[in-house]
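Colleague: predicted structure and sequence below. I'll ask about it afterward.
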Amino acid sequence: MALIVQKFGGTSVGDPEKIKNVARRVLKKQKEGCQMVVVLSAMSGETNRLTDFALQMQDIPDTREMDVLLSSGEQVTISLFAMAVKAFGDDCISFLGDQVKIITDSSHTKARIESIDTERIIENLEAGKIVVVAGFQGVDEQGNITTLGRGGSDTTAVALAAALKADACEIFTDVEGVYTTDPNICDKAKKIDRISYDEMLELASLGAKVLDIRSVTFAKQYNVPIHVRSTFTDTEGTWIVEEDKEMEGRIVSGVTYNKNEARITISGVPDQPGIAAKIFTPISDADIIVDMIIQNQDTGNGLTDMTFTVLRSDFQRTKQLLETIVKKTGATGGIHGSDTITKISIVGVGMRNHSGIASTMFSVLSREGINISMISTSEIKVSCIIEEKYTELAVRTLHDAFELDKDTVPEEETLT
Ligand code: ADP
Ligand code: ASP
Ligand code: MG
């Protein structure tokens, strides 16, 4: 008998009627002869609502208590789902993270799953029940409730699928799959049928929030194929699987944007060995994640500029921290930056074997009068920092320039 893990996101369980629809959908699959494990998010907007409450209590909410608060959203949806299934005459049991021993580390609000004890889930599946598990939450070794970070229910689902050796892991959401770019800002976005783990990792880490990045890491590590699809239609969605030859035919697979970063520059830094460590060690000690870093060449006066990006939520804190660090380094030019930037990226495994992709991206942006303030590249992506107000324009123009709305033509055919 096939074992299927199905995860439904916030919009899919946004109100009681939608929860009933999800229950119907799960029951239909069970009737086809499958054992069903369901992972649910909180109702859409609920995690934000709870976060706002917390901010009314403390400027920087205590992270342990934040996890106790935020995990309550998923408790509501799983219990209602179990009731809906029972009302339809079937059997179902709901579990919170700690009840099925989803053990995490103790990094509150961004905990990592370390192990899952599947015994209780299997017992209940064998008794013919549907098992519904709260997404996004776990428990540490000391018994404290933890959460996995925003969007973390995807990770719960894939981790459960890996631990249970499930036959399939389906992520149901409000769009029909993974698109060439966010379908909510580009009408021409096209659904991708199959995409490799590596490309999906890049897309997710560069802003395509359709999947939480850690869920893709787990899927790749344990070789779990993921099917991302719509809750509201029966259409086939996108499969995230191992890379194959056909995928290399696509040079650029997607365009992403990320508005969650801020840019900081320290000018007039003495160009000496050890200076980067002096700046970035205290930043990392303060648990601030740095993404792109650019250090300019010494312009002849023994001084250089250092520019980097951090999460927008860490912008003020980083600037404050730098005030003291910069004095110690003897930098002469001060600290400046912007928190109205966007990181815009193009991603594709085919870039490995093609040149000229980055320069095309730069030309396209310049034709639109969009200034690039930072650039970073890897084997399969190019990212540029631009002003936030140009985000939609940049996404649409790059999407057109790389013809992502067209069907991919295999390379051999183009050459004949
Ligand atoms: P859920 O609540 O189901 O987890 P999310 O809001 O987390 O859903 O993710 C789905 C959303 O991701 C879509 O509504 C879409 O706006 C956004 N998105 C961003 N980039 C992409 C992309 N490349 N493909 C599909 N959706 C994307
Ligand atoms: N409810 C959490 C969030 O909104 C987790 C999730 O939906 O995946 O981020
Ligand atoms: Mg999500």
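Modeller: Yep, it's here. Predicted, not measured: the structure shown is a model, and the values here were computed from it. Ligands and ions are numbered 1, 2, ... in the order given.

Colleague: and Ala54, how far from Asp98?
Modeller: Note on Ala54: its distance to Asp98, by CB to CB, to the nearest Å, is 21 Å. For glycine as for every other residue, the C-beta is placed from the backbone atoms N, C-alpha and C.

Colleague: these two: which has the busier surroundings?
Modeller: Ranked by neighbour count (other CB atoms under 10 Å), Ala54 and Asp98 place Asp98 first, with 18 against 15.

Colleague: so that one versus ligand 3, what's the distance?
Modeller: 22 Å (CB to the ion, to the nearest Å).

Colleague: so that residue sits in a strand?
Modeller: No: going by DSSP: H, G, I helix; E, B strand; the rest coil, the assignment for Asp98 is helix, not a strand.

Colleague: now it, nearest residue through space, not along the chain?
Modeller: Among residues not flanking Asp98 along the chain, Val139 sits closest, at 3.7 Å (CB to CB, 6 or more residues apart in numbering).

Colleague: neighbours around the one you found, how many?
Modeller: By other CB under 10 Å, the residues close to Val139 number 22.

Colleague: now do the helix or strand encompassing Thr342: everything it contacts.
Modeller: Thr342 is part of strand 341-347, with elements assigned from DSSP states H and E. Residues from elsewhere that reach strand 341-347 (CB atoms under 8 Å, 6 or more residues apart in numbering): 199, 202-203, 206-207, 252-259, 261-263, 291-292, 309, 357, 361, 373, 380-388, 390-391, 394-395, 398, 402.

Colleague: let's verify Pro273: helix, strand, or coil?
Modeller: Pro273 ends up coil, using three-state DSSP.

Colleague: per-residue pLDDT, Gly168?
Modeller: For the record, residue 168 is Ala, not Gly. Ala168 carries a pLDDT value of 93.

Colleague: again, but for the one 3 residues further on
Modeller: Looking at Ile171, its pLDDT reads 98.

Colleague: which of the three states applies to it?
Modeller: Put simply, Ile171 is strand when judged by three-state DSSP.

Colleague: how about the residues of this protein by ligand 3?
Modeller: Contact residues (CB under 5 Å from the ion) of the chain with ligand 3: Gly9, Gly151.

Colleague: in the chain, which spans are helices?
Modeller: Assigned by DSSP state H, the helices in the chain fall at 16-31, 46-57, 63-70, 72-87, 119-126, 153-163, 197-205, 213-222, 245-248, 275-285, 315-329, 357-367, 391-401, 411-415.

Colleague: can you report how many residues neighbour the closest residue to Tyr179 other than its chain neighbours?
Modeller: Nearest residue to Tyr179, sequence neighbours excluded (CB to CB, 6+ apart): Ala189, at 4.1 Å. Ala189 is flanked by 22 other residues according to other CB under 10 Å.

Colleague: residues contacting Ala189?
Modeller: Ala189 sits next to Tyr179, Thr180, Thr181, Asp182, Pro183, His399, Leu404, Asp405 when contact means CB under 8 Å, 6+ apart.

Colleague: quick one: which of the residues you listed is nearest ligand 2?
Modeller: Ligand 2 has its nearest neighbour among those in Asp182, at 17.1 Å by CB to the nearest ligand atom.

Colleague: now for the closest one: which residues touch it?
Modeller: By CB under 8 Å, 6+ apart, the contact set of Asp182 is Ala189, Ala208, Thr256, Tyr257, Val395.

Colleague: in JSON lines, list the residues you listed along with pLDDT.
Modeller: Compiled in JSON lines, the contacts of Asp182 are given as follows (pLDDT from 0 to 100):
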{"residue": "Ala189", "pLDDT": "97"}
{"residue": "Ala208", "pLDDT": "95"}
{"residue": "Thr256", "pLDDT": "98"}
{"residue": "Tyr257", "pLDDT": "97"}
{"residue": "Val395", "pLDDT": "98"}
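
Colleague: ligand 1 next: which of these are close?
Modeller: Within the set of the contacts of Asp182, contact with ligand 1 (CB under 6 Å from any ligand atom) is found for Ala208.

Colleague: out of the contacts of Asp182, who's nearest ligand 1?
Modeller: Ranked by distance to ligand 1 (CB to the nearest ligand atom), these are led by Ala208 at 3.7 Å.

Colleague: and the closest residue to the closest one other than its chain neighbours, how many neighbours?
Modeller: Sequence neighbours aside, Thr256 is the residue nearest to Ala208 in space, at 4.9 Å (criterion: CB to CB, 6+ apart). Neighbourhood size, Thr256 [other CB under 10 Å]: 23.

Colleague: pretty sure Thr256 contacts Leu206?
Modeller: Yes: between Thr256 and Leu206 there is a contact at 4.2 Å, judged by CB atoms under 8 Å.
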